[in-house]
Structures are given as structure tokens and as C-alpha cells.
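Peer 1: what follows is a predicted protein model with its sequence.
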Amino acid sequence: MARKKPNPYCPVLGCGAKRPHLDDPTIQSVYRQFSDPSTLALRVKCAIVELISSLETDLRERLVFAYLSRLRQTEELYYRALYVLFIAKPQEVPHVFSGVLPNGFRAIYRAVNSDIFEGRGELETPQPGLSGGEFTALQMLNDSAHASFPFFLTCISVVRDPEYQKDFDKILTHLKIRCSYLNYMEQAFAAGRRKEDVMVGVKNIHKPASAWVQKSTEPHGAGNTPG
Ligand SMILES: [Zn+2]
């Protein structure tokens, strides 16, 4: 396959920009609003808090379609924030802010999973489907965000069987924990802590207890990548 030529206006491979992203007044505004890491963490936290409030209303009113169709927004907000805060090179940030292709959720998720979750993310782990076969959470999030026909089928199954609704509250709790993590990032950056130091903290708060147990039982000098 022919290698894509580098774009002189943007370092992101495959970007078709015809001028630097920051020449666009809209992207300049986005940059002004979100280039401070503390402000970015604060705004993303506030957005997820609003979505949680709305999702809680959906659950009270048993609006399963509305509830499930917006879960990708909460995921995408969180992963994109981590990507911009800790992974994207400074010269790539205007591209991410522009939203133009390539800017897909899957690539951002994979980068965050590799660099922050140390491969423990489960969005691409195959799981048994409601009506046979397998699915991944990422596929389900994409189907739901696009309101596809397979997603309608999922909603019908979920409405018919309360067993499939048992994790709804857990999802909201999980989102609230993420807001507390964003709060940590907001405050750490506001206190002037370096990105590298905040990232160590963020990697640590995402570690499950099992990873700490494993690390403490590893021989001295062993790698710290959990299985
Ligand atoms: Zn670009």
C-alpha cells in the first residue's frame, strides 16, 4: 500500500487539511477555550455531570432507547479528554480540536488503553450477545450512537428482560467515579503540576486493586505490566 504523504499543514497522517487548523477562527476559539488542561478537565467533567443527570431521568422514566443511545457520548468525552491531556503531541492538538478526519473514537480509545489503562480496557473484549453471537462494548456504543437497526433490536430485548437492565445503575456509578477523576486532573493542573506527574496519578487511579497486588508480589526489577 502506498504511504500517505505528510500534510505540510498538519502532522496527523491522513489529514486532508488545506491550511493549518489554527487558521480557522472556530478552531482558534476552541483552542482558546480548551488548551488550558485544568479548564479542559473542568468542562468535560461538567458535560459528563449533565449527561449523568439526563441519564438518571431516562432511567426513572424507563426510557431505554434514550438511555443507551447516549452512552457513547460519555465514553467519547472521557477518552478524548485523556487523549488531549496526556497523549497527543502539542502539534496534534489543533487537529483533535478540529474534529476533522481522522479523529475516530476507536483510535483514541486504543491510544488511551495502551498508554493510560496499560491494556486493561475492555471496550474491544468480545462478549456473548443477547441473541447469540458475540459483540464488543465498542461496537455496541457505535451502534447505539448511530441508532442502527441492530441497536433497536438490542433495546427491544433490554426492555423485555429486566435482567439486561441490572447494570444500568452501575454504569452511572462508574461515570460518577470518572467525574471524580476529572476533578483530580482539574485540581492537579490548576495547582501547576506537570503533565507527566498528573499522568502518573491518572494511571494509578485507573489501576484495579488486582494490579497493585500483582505489582507488590513481583520480584524486584520485574516489569509492571499486569497480565
Ligand atoms: Zn489535521
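Peer 2: Nice, I can see it. Just so it is clear, the model here is predicted, and its values are computed rather than measured.
Peer 1: state the mean pLDDT of the helix or strand encompassing I177.
Peer 2: Using DSSP states H and E, the element containing I177 is helix 168-190. In this model, helix 168-190 has a mean pLDDT of 97.
Peer 1: which parts of this structure sit against the ion?
Peer 2: 10, 12, 15, 17, 95 (CB under 5 Å from the ion). For the C-beta atoms, the positions are set from N, CA and C on the backbone; glycine is no exception.
Peer 1: in the sheet, who's paired with the first one?
Peer 2: Read that as C10. C10 forms beta bridges with N7, as assigned by DSSP bridges.
Peer 1: OK, contacts around it?
Peer 2: Taking CB atoms under 8 Å, 6 or more residues apart in numbering, we find C10 in contact with 17, 20-21, 94-95.
Peer 1: repeat that for the third one.
Peer 2: Residues touching C15, when contacts are defined by CB under 8 Å, 6+ apart, comprise 7, 9, 95, 100-102.
Peer 1: three-state assignment of it?
Peer 2: Three-state assignment for C15 (DSSP: H, G, I helix; E, B strand; the rest coil): coil.
Peer 1: pLDDT value on it, please?
Peer 2: C15 is given a pLDDT of 95.
Peer 1: what do you get for the first one?
Peer 2: Here the pLDDT value assigned to C10 is 97.
Peer 1: go on, the last one?
Peer 2: The predicted structure scores H95 at 98 on the pLDDT scale.
Peer 1: now do the SS call for the residue most central in space within the chain.
Peer 2: Centroid-nearest residue in the chain, with CA atoms, centre = their mean: Y79, separated by 2.1 Å. Of the three states, Y79 takes helix under three-state DSSP.
Peer 1: weed out the non-buried ones from the contacts of C15.
Peer 2: Neighbour-count burial (16 or more other CB atoms under 10 Å) is assigned, among the contacts of C15, to 7, 9, 95, 100.
Peer 1: which of the residues you listed lies closest to the ion?
Peer 2: If you rank the buried ones among the contacts of C15 by distance to the ion using CB to the ion, H95 comes first, at 3.4 Å.
Peer 1: my read: that closest one touches I108, true?
Peer 2: No: assessed by CB atoms under 8 Å, H95 is found out of contact with I108, at 11.8 Å.
Peer 1: bridge partners for the residue nearest to P126 when sequence neighbours are not counted, pull those for me.
Peer 2: Distance criterion CB to CB, 6 or more residues apart in numbering; nearest residue to P126, sequence neighbours excluded, is E134 at 4.4 Å. Beta-bridge partners recorded for E134 (DSSP bridges): P128.
Peer 1: E134: how many residues sit nearby?
Peer 2: 10 (other CB atoms under 10 Å).
Peer 1: surely it is in contact with M140?
Peer 2: No: applying CB under 8 Å as the test, E134 and M140 come out as separate, 11.1 Å apart.
Peer 1: can you read off the pLDDT for the residue nearest to the centre of the chain?
Peer 2: The predicted local confidence for Y79 is 98.
Peer 1: can I assume it is in contact with R106?
Peer 2: No: look at Y79 against R106 with CB under 8 Å: they stay out of range, at 10.0 Å.
Peer 1: that's all I had, so thanks and see you.
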